[in-house]
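S.K.: here are the coordinates; sequence isn't available:
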DNA sequence: CCACACTGGTTTCATTTGTAACCATTGAAA
DNA sequence: TTTCAATGGTTACAAATGAAACCAGTGTGG
């Protein structure tokens, strides 16, 4: 992954292009940026807002903390995204009966409609991307990412 | 990569956890965050600053535009990172003789020293990460990322 | 019952980022 | 040569982010 130009303690050069953290980041950034156009153009959503929508659409009803865990967002991001979606009337908060600190978040009809509209677009985006890969490459990416995730211990 | 719950136009659910852009981003973010500790703890560098250092260390002397291209950074990021490294006296600007818009950036002795110190740490980080993978997984990641990059057309 | 640590969530503030406007310089066209 | 589009780079402003302080509300130990 990385090339040593010298063996001893002479100057060692790091080839950024093949440095894993960099490669990974650059690619993720490019893909994410590309994909973001879909929800940004369509509804002016930010990434945290899109993730919130996606999380709620997928799970039906979640607390803010659960959302943060599922989509790896800082609580402040969640808080702000939720506030914005609420402002749009895409979700509602229902206070928990037993624990009044907790709010259960649910998509409204409008929120659900937006979700239903986004899902096929998201899938299509992914399909188009994957379609450019061979079957072998697809499994390579899938397995590679999975393995790396495990290696990171952030399971 | 993605699961359809329904075949017809009923509600389709997007499984965020297996959605490629999300998986990619999450992983890159985690790795990058982890790695950033190295240059942040050690020298209080930001990511753009680190990349600038890495670029110059690798290539010896570059213009700001070249830096931006190599490390996929917006010109404003480059500009600010360069300004900061200059403030630290880690690099110097030399105006181009022929084209006075251009400045050639070069690491000073101090900058080079910092670079030399960082490189082994970076390599070690990568090695430790890769060491947790099997040989097959390593090639899977490498090839997968490469293929995806090509698919994106951002070569 | 009452401290007191903890948790869910929001807000405040400082930093980082992106967009667009900008300045200076260049190069080609009129 | 003057003009004008394009380029290298910086700056100004607005938006997104993260850290830490904060405000309930909970639940445990005395």
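M.R.: Sure, I can see it. Worth saying up front: this structure is predicted, and the values here are computed from it rather than measured.
S.K.: what about residue A:77, distance to residue B:149?
M.R.: 28 Å (Cβ to Cβ, to the nearest Å). No exception for glycine: its C-beta is placed from N, CA and C like everyone else's.
S.K.: please apply the same query to residue A:113.
M.R.: Residue A:113 is 35 Å from residue B:149, by Cβ to Cβ.
S.K.: more neighbours: these two, which one.
M.R.: residue B:149 (16 against 12; other Cβ atoms under 10 Å in any protein chain shown).
S.K.: count of neighbours near the residue nearest to that one when sequence neighbours are not counted?
M.R.: Nearest residue to residue B:149, sequence neighbours excluded (Cβ to Cβ, 6 or more residues apart in numbering or on different chains): residue A:27, at 5.7 Å. Using other Cβ under 10 Å, residue A:27 has 22 other residues around it.
S.K.: does residue A:27 really touch residue B:148, like I thought?
M.R.: Yes: the pair residue A:27 / residue B:148 is scored as a contact, 6.0 Å apart, by Cβ atoms under 8 Å.
S.K.: now the strands for chain A?
M.R.: A:61-62, A:91-95, A:103-107 (DSSP state E).
S.K.: which of those strands sits most buried?
M.R.: Of all those, strand A:103-107 carries the top mean neighbour count, a mean of 19, counting by mean count of other Cβ atoms under 10 Å in any protein chain shown.
S.K.: hmm, it in reach of DNA strand C?
M.R.: Yes: using Cβ under 7 Å from any atom of the strand, strand A:103-107 reaches DNA strand C at residue A:103.
S.K.: contacts for that strand, please.
M.R.: Residues outside strand A:103-107 that contact it (Cβ atoms under 8 Å, 6 or more residues apart in numbering or on different chains) are A:53, A:56-57, A:60-64, A:67, A:82, A:90-96, A:115.
S.K.: what do you get for stretch A:139-155?
M.R.: A:24, A:133, B:1, B:20, B:23-24, B:27, B:30-31, B:34, B:129, B:132-134, B:137, B:139-145, B:147-148.
S.K.: what about the residues you listed, which are in helices?
M.R.: Within the contacts of stretch A:139-155, residues falling in helices by DSSP state H are A:24, B:20, B:23-24, B:27, B:30-31, B:34, B:129, B:137, B:139-145, B:147-148.
S.K.: the residues you listed also near DNA strand D: which ones?
M.R.: Of these, not one also sits near DNA strand D (Cβ under 7 Å from any atom of the strand).
S.K.: which of those residues are buried?
M.R.: Buried members of the ones in helices among the contacts of stretch A:139-155, counted by 16 or more other Cβ atoms under 10 Å in any protein chain shown: A:24, B:20, B:23-24, B:27, B:30-31, B:129, B:137, B:140-142, B:144-145, B:147-148.
S.K.: farthest-separated two in those residues?
M.R.: The span of these, defined through Cβ to Cβ, is set by B:30 and B:147 at 21.7 Å.
S.K.: how many other residues sit next to the residue in chain A that DNA strand D sits nearest to?
M.R.: The nearest approach of chain A to DNA strand D comes at residue A:100, 3.2 Å away (Cβ to the nearest atom of the strand). Around residue A:100 there are 8 other residues, counting by other Cβ under 10 Å.
S.K.: mind checking pLDDT for it?
M.R.: With respect to pLDDT, residue A:100 scores 93.
S.K.: what's residue A:73 sitting at in phi/psi?
M.R.: Taking degrees, to the nearest 10, you get phi -120, psi 150 for the backbone angles of residue A:73.
S.K.: what does the pLDDT read for the nearest residue to it once chain neighbours are set aside?
M.R.: Spatial nearest neighbour of residue A:73, excluding adjacent residues (Cβ to Cβ, 6+ apart): residue A:48 at 5.7 Å. Listed pLDDT for residue A:48 reads 97.
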